[in-house]
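Undergrad: The sequence and its predicted three-dimensional model are supplied below.
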Amino acid sequence: MISDLSARDNDASVTFYVALWKRKGITQDEFDNYWRDVHGPVCARLPGQFQYWQFHVGHDGGGIFPAIPGVIYNQTPEASQFDGIAELTFKTVEDRDIWFNAAGILMDDEHNIFSKAIGYVTSIGNSITYRDHIDNGAPNGNLNIIKYHVQLKKADGVDVNSFRKYLTEIFAANVIKSDKLCKFRLHMFETPDLSRPDAAGVAHSEPQELLTQAAFEIAFRDGVDRENFFASKEYALATAEQAKFVKQVSAFPETNAYTFVYEGQMTLSGRRGSSTAELITNLGAINQVRSDISELLGIKEPNK
């Protein structure tokens with residue numbers, strides 16, 4: 001993890017970012033396995049996508065990020081403790097619209113594993129990868145690093161432009177100066193459309209006070225780098241005025257990451273499911289990735 005590979009996200013101009021809650025009555029393993037092996041390959045076949053990741057996360061237990069006076073840390077309410085994030089990127093707004101128009105087929109499947117799905121979109125240029133020293137941009141499992149997906153609520157009375165200016169010109173500008181950081185990706189969300197009706201028992205809306213206005217993905221090689229980063233002058237500068245702009249910070253630790261579409265093409269996980277892809281890769285079953293096998297199984301890339 002040496003070279004900066006952030007440029008590989010440059011073509012991902014807009015994002016659909018979905019926080020997902022596990023359905024009651026199923027186990028965590030059932031949720032994780034169905035999402036990555038059944039739901040994921042279905043979603044991967046929809047047109048328009050440039051990248052599609054599933055981030056499986058633990059709940060925010062607090063105690064990791066240092067508390068900043070005036071900002072709520074370590075108090076994420078139970079209603080906001082989600083279990084995963086689906087991040088889909090698109091090269092154009094038109095591509096995202098194509099995907100949205102085709103995504104109705106996913107609604108019936110949501111009922112099998114989700115109780116709530118809150119989707120956020122970003123406008124062009126508002127999903128930014130500032131640094132990426134992680135070699136594998138299309139993971140299928142654990143990356144053996146420490147990574148968090150952090151949700152931010154803006155402070156009351158602060159306008160969106162000031163909030164975003166703080167995130168880009170102060171927070172991001174300072175944290176990326178630290179050599180302890182191996183990834184930093186920022187999303188600044190538009191206000192979600194909450195008019196979409198619930199589907200098959202899956203909630204697609206929630207009260208305004210529970211919505212977030214931004215999120216970032218942050219990663220470290222190990223715990224030593226993480227703690228040195230939090231103790232650094234760069235982080236101190238980044239957070240010195242945080243309370244003026246940010247009301248609450250919630251950090252969800254990533255457990256595993258799975259990639260189903262990358263650079264506009266379905267990955268092996270997208271074509272065959274994550275667990276099958278893992279078996280094929282670990283056993284070196286190269287015959288399973290040949291075109292004749294794909295044709296036999298009826299696997300075709302979606303129209304771009």
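TA: Ah, there it is. Numbering: from 1, shown residues only.

Undergrad: any idea where the strands of the stretch 1-150 of the chain begin and end?
TA: 14-22, 51-57, 84-90, 114-121, 127-132, 140-141, 146-154 (DSSP state E, counting those that start in this stretch).

Undergrad: Out of those strands, which gets nearest to Leu5?
TA: Closest of these to Leu5 is strand 127-132, at 4.6 Å (criterion: CB to CB). Every residue, glycine included, has its C-beta placed from N, CA and C.

Undergrad: residues making contact with the closest one?
TA: Residues outside strand 127-132 that contact it (CB atoms under 8 Å, 6 or more residues apart in numbering) are 4-6, 8-9, 12-15, 17, 89, 168, 172, 176, 181-188.

Undergrad: Stretch 211-231: which residues count as buried?
TA: By neighbour count with 16 or more other CB atoms under 10 Å, stretch 211-231 contains the buried residues 211-221, 225-226, 229-230.

Undergrad: Kindly apply the preceding question to stretch 254-267 instead.
TA: Buried residues in stretch 254-267 (16+ other CB under 10 Å): 254-262, 264, 266-267.

Undergrad: Tell me which two in those are the farthest apart.
TA: Thr255 and Gly264 (27.0 Å).

Undergrad: Could you tell me which residues make contact with Cys275?
TA: Careful, residue 275 is Ser; it's not Cys. 33, 36-37.

Undergrad: of the residues you listed, buried ones?
TA: By neighbour count, with 16+ other CB under 10 Å, the contacts of Ser275 hold 36-37 as buried.

Undergrad: Show me which of the contacts of Ser275 is closest to Ile293.
TA: Distances from Ile293 to the contacts of Ser275, taken by CB to CB, are shortest for Asp37, at 18.2 Å.

Undergrad: surely that closest one meets Glu278?
TA: No. Contact between Asp37 and Glu278 fails when scored by CB atoms under 8 Å: they sit 10.0 Å apart.

Undergrad: In helices only, show me the contacts of strand 127-132.
TA: With DSSP state H as the criterion, helices contain none of these.

Undergrad: Filter those residues down to the buried ones, PyMOL style.
TA: In PyMOL, this line selects whichever of the contacts of strand 127-132 come out buried by 16+ other CB under 10 Å:
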select buried, resi 5+6+9+12+13+14+15+17+89+172+176+181+182+183+184+185+186+187+188
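
Undergrad: could you pull out the helices for this structure?
TA: Using DSSP H, helices in the chain cover 28-34, 40-44, 93-102, 107-113, 160-165, 173-175, 223-230, 233-239, 242-245, 268-272, 274-283, 291-297.

Undergrad: in the fifth one, what's buried?
TA: Yep, that's helix 160-165 we're talking about. So helix 160-165, judged by 16+ other CB under 10 Å, has buried residues 163-164.

Undergrad: still on that earlier bit, check the buried residues of stretch 211-231 and tell me the two furthest apart.
TA: Longest span within these, CB to CB: Leu211 and Arg221, 32.6 Å.

Undergrad: picking that back up, of the contacts of Ser275, closest to Gln242?
TA: Using CB to CB, these come closest to Gln242 at Arg36, 34.7 Å.

Undergrad: isn't that closest one right next to Ser274, touching?
TA: Yes. At 4.1 Å, Arg36 counts as touching Ser274 under the criterion of CB under 8 Å.

Undergrad: any weak-confidence spans in the stretch 101-250 of the chain?
TA: The stretch 101-250 of the chain contains residues with pLDDT under 70 at 194-198.

Undergrad: List the residues that contact the residue nearest to Leu210 when sequence neighbours are not counted.
TA: Closest residue in space to Leu210, ignoring its immediate chain neighbours: Ser80 at 5.7 Å, by CB to CB, 6 or more residues apart in numbering. Neighbour list for Ser80: 151, 210, 250 [criterion: CB under 8 Å, 6+ apart].

Undergrad: ok, the first one to Ile118 distance?
TA: Counting by CB to CB, to the nearest Å, the gap from Gln151 to Ile118 is 11 Å.

Undergrad: who touches both of those two?
TA: Ala19.
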